[in-house]
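after the sequence you'll find the predicted model.
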Amino acid sequence: MNDPVLETRDLSIRFGGLVAVDKVSLTVQRSEILGIIGPNGAGKSTLLNLISGIYQATEGDVLLEGQSIAGQPAHRIVKKGIARTFQSSRLFNDLTVLDNVIIGMHTRTDTGVLEALLMPGRAKRKLEAAAEKAGALLNAISKDLYARRGTLAGALPQADRRRLEIARALASEPKLIMLDEPSSGMDDRDTDALMEDVRRITQERAGISFLIIEHDMRLVSSLPDRVVVIDYGRKIADGQFADIRRMPDVQEAYLGQKV
Ligand SMILES: Nc1ncnc2c1ncn2[C@@H]1O[C@H](COP(=O)(O)OP(=O)(O)OP(=O)(O)O)[C@@H](O)[C@H]1O
């Protein structure tokens, strides 16, 4: 299988004297779940910020389905098909669960302020259609979240907030979805449910790929098809978890942090 949806080539960024990401080349194949691991401060989140257009690379390239997207603004990259979640929640706490998903769909809806003012009927119909679509999406991800679609996002427990963030990212109909430490703060039961969600999404949405930064080795050892290890901004390993965990460089990077 060689059908990369995402490719980074020698991707680097420097903050003053610190090279936070150093010539990282990696691929994510279509329908693949790629795990990214590495010690704290290794450059994993920075790598995601480079791919999603939040940071601009000092050198290197990012390709989505073979086309360079480097240098493009974050909103355009979402529109082209890369969605993500963040380590810290970006939900709108004062909006309902359903409204948060509708907001995630905004790249796929085209109702503007002018249209809403000049053609309120048409804008209303579009919004109703968006609400219906968001409801169906939510229902497919979690019947329980769907049942609570009118609840304020701020009132949800942590695991459901994470789930809602994934639903919101999916609402942009991405080809690739990047999750930054999705299981942080979760217990084993919630982490199992999260893994189940990801597996189900890959089965139900043909061709979707995941890039997942994680520290939880229980998840890393069972969910990703392949794992990339980052240390001091560099890629030091790329392969099956069972193989890379035995590599001396990886063991050394994790000295004191059991792999
Ligand atoms: N905007 C920035 N300005 C300066 N330095 C930064 C910036 N963003 C990240 N860094 C530095 O880059 C390095 C990599 O940070 P990053 O957050 O990507 O690591 P990480 O692997 O995601 O860590 P963690 O697992 O703890 O989340 C760190 O030394 C961090 O302090």
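Great, that's in hand.

roughly how far does V21 sit from K44?
Counting by C-beta to C-beta, to the nearest Å, the gap from V21 to K44 is 9 Å. Bear in mind the C-beta positions are built from the backbone N, C-alpha and C, glycine included.

the more surrounded of those two?
Neighbours around V21 and K44, counted as other C-beta atoms under 10 Å, are more numerous at V21. The numbers are 29 against 25.

got phi/psi on that one?
Dihedral pair for V21: phi -130, psi 130, per degrees, to the nearest 10.

also V229?
Torsion angles, degrees, to the nearest 10, at V229: phi -110, psi 130.

please, which helix or strand holds the closest residue to it other than its chain neighbours?
Residue nearest to V229 in three dimensions, not counting chain neighbours: A237, with 4.1 Å by C-beta to C-beta, 6 or more residues apart in numbering. A237 belongs to strand 234-239 when elements are defined using DSSP states H and E.

ok, G185 next?
Counting by DSSP H and E, G185 is part of no helix or strand.

rewinding a little: give me the contacts around the strand holding A237.
22-26, 226-230, 244, 247, 249-250, 253 (C-beta atoms under 8 Å, 6 or more residues apart in numbering).

quick check on these: which are buried?
Those of the contacts of strand 234-239 that meet the buried threshold are 22, 24, 26, 226-230, 244, 250, 253, by 16 or more other C-beta atoms under 10 Å.

mind listing which of these are in strands?
Among the buried ones among the contacts of strand 234-239, the members found in strands (DSSP state E) are 22, 24, 26, 226-230.

report the two of these separated the most.
Across these, the longest distance by C-beta to C-beta is 20.6 Å; it joins D22 and R226.

what is the burial count for S68?
The burial count for S68: 12, using other C-beta under 10 Å.

alongside the ligand, which residues does the protein contribute?
Within reach of the ligand by C-beta under 6 Å from any ligand atom, the chain has these residues: 15, 18, 20, 38, 40-46.

again, only using 5 Å
15, 20, 40-46 (C-beta under 5 Å from any ligand atom).
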